[in-house]
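>>> could you work out the structure for the sequence below:
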Amino acid sequence: MAPLPQKCDVLVIGGGNAGFCAALAATESGARDVLLIDKCPEAWAGGNTYFTAGAMRTVHRGLEDLRPLVNNVDPELARTIDLDPYTPAEFRRDLHRICAGRSDPRLSAALIDESHEAVRWLAGKGVRF
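The predicted structure follows:
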């Protein structure tokens, strides 16, 4: 392992999805020296996101809402896809079920309400869906 610098503007501990987003947001906010460290083997970079196979839950109004994010779907194939919207109410119900009703209502609302914008932001940073 290379020696770590003694000084940085922002230090992010953990290279999962939240850690990478924090590091990106820090650079967007003007930090010049951002250091992200993680204890996992390099092949497992990405934290538990590694195990999601790239799947992310987001509110959407259907395929046309997602097409700008997924640029590897041929227009002819897209015409054959029938994708129902995923509403905030459905997301809330799924989150409640998955967390056995133990999720914080304010944090849940933020997650749900900002989910599509967060995925768009990630796509703008080069994340491929």
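
>>> can you map out the strands along this structure?
Applying DSSP state E to the chain gives strands spanning 10-13, 34-37.

>>> which strands border the first one, and is each parallel or antiparallel?
On the basis of DSSP bridges, the sheet neighbours of strand 10-13 come out as strand 34-37 (parallel).

>>> hang on, the earlier thing: among the strands of the chain, which is nearest Asp94?
Closest approach to Asp94 among the strands of the chain is made by strand 10-13 (28.8 Å; Cβ to Cβ). For glycine as for every other residue, the C-beta is placed from the backbone atoms N, C-alpha and C.

>>> what residues sit buried inside that closest one?
By 16 or more other Cβ atoms under 10 Å, the buried positions in strand 10-13 come out as 10, 12.

>>> okay, the strands of the chain in a markdown table with distance to Asp113 next?
Rendered in a markdown table, the data for these read as follows (distance: least, Cβ to Cβ, whole Å):
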| stretch | distance to Asp113 |
| --- | --- |
| strand 10-13 | 25 |
| strand 34-37 | 27 |
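
>>> now the ones you listed in JSON lines, with mean pLDDT?
Compiled in JSON lines, those are given as follows (pLDDT from 0 to 100):
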{"stretch": "strand 10-13", "mean pLDDT": "97"}
{"stretch": "strand 34-37", "mean pLDDT": "95"}
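
>>> of these, which is nearest Pro105?
Between Pro105 and those, the tightest spacing by Cβ to Cβ is seen for strand 10-13, at 27.7 Å.
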